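Enquirer: Sequence and predicted structure below; questions after.
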Amino acid sequence: MSGGEKQRISIARAMLKDAPIIILDEATSSVDPENEDELQRAIEALTHDKTIIMIAHRLKTVRNADQILVLQKKLGMVRSVDVARHMEVSKPSVCNAVATLRDGGFLTMDEDHFLHLTDVGREVVEKIYERHCFFTEQLIAAGVDPRTAEADACRIEHIISDESFDRLKEAAEQE
């Protein structure tokens, strides 16, 4: 068996165990890029009612980094605990994600533990946030319940290609 196959079996076992908390350490590190997005979607679908602690070293694997930008716009200054409260997740899971983003050069943390997006980090999360707002608005306009629209937008914003998003945005602007 390949490393990716072994990893998928381990993830399937964790899902079948039906534990309330699942810790995924580099859950997609041995998976080929073609299967990574599909595996991420499966993990999200199968764990929507569980607490997930995801340890990852690639930005693509760390979801919802745009929440730092959302909170910065709302509160001005943001700490890990603010992100944890906002996302209703544990502080340790946010701390792990923050460490990954910091190591990747996407954010810094000052001596008072406030988070600051780097220029590269801001560029990435603004792109994600633009997509989130677009899909939330489009889904609500189509009659989807706002809470459902928000949740679906969170999924769509990470998996849609740049080309598809650009075409949808252009089509919406022409209407």
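Expert: Now that the structure is in, tell me what you want to look at. What you see is a predicted model; the values in this text were computed from it and never measured.

Enquirer: Can I get stretch 90-97 in PDB? Just the C-alpha atoms.
Expert: Output of stretch 90-97 as PDB, limited to C-alpha atoms (Å, rounded to 0.1, in the frame of the first residue of the first chain):
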ATOM      1  CA  SER A  90     -10.700  25.100  21.000                       C
ATOM      2  CA  LYS A  91      -7.800  27.600  21.600                       C
ATOM      3  CA  PRO A  92      -5.200  24.900  21.100                       C
ATOM      4  CA  SER A  93      -6.500  24.100  17.600                       C
ATOM      5  CA  VAL A  94      -6.300  27.800  16.700                       C
ATOM      6  CA  CYS A  95      -2.800  28.000  18.300                       C
ATOM      7  CA  ASN A  96      -1.600  25.100  16.100                       C
ATOM      8  CA  ALA A  97      -3.100  26.800  13.000                       C
END
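
Enquirer: Buried residues, it. List them.
Expert: 93-94, 96-97 (16 or more other CB atoms under 10 Å). C-betas here are computed from N, CA, C, even on glycine.

Enquirer: With stretch 132-140 instead?
Expert: Those would be 132, 134-136, 138-139, for stretch 132-140 by 16+ other CB under 10 Å.

Enquirer: which residues in this protein form strands?
Expert: Using DSSP state E, the strands of the chain run over residues 21-25, 51-55, 78-79, 107-109, 114-117.

Enquirer: Mind listing the strands the shortest one pairs with, and their directions?
Expert: In its sheet, strand 78-79 lies beside strand 114-117 (antiparallel), with partners assigned from DSSP bridges.

Enquirer: Convert the partner strand to PDB, retaining C-alpha atoms only.
Expert: The C-alpha trace of strand 114-117 is given here as PDB (Å, rounded to 0.1, in the frame of the first residue of the first chain):
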ATOM      1  CA  PHE A 114      -1.900  40.000  18.900                       C
ATOM      2  CA  LEU A 115      -1.900  38.500  15.400                       C
ATOM      3  CA  HIS A 116      -0.900  40.500  12.300                       C
ATOM      4  CA  LEU A 117      -1.200  39.300   8.800                       C
END
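
Enquirer: returning to what we had before: the strands of the chain: lowest mean pLDDT?
Expert: Here the strands of the chain differ in mean pLDDT, and the lowest is strand 51-55 at a mean of 64.

Enquirer: I'd like the average pLDDT over the lengthiest helix in the chain.
Expert: Taking DSSP state H as the criterion, the chain has its longest helix at helix 119-141. In this model, helix 119-141 carries a mean pLDDT of 88.
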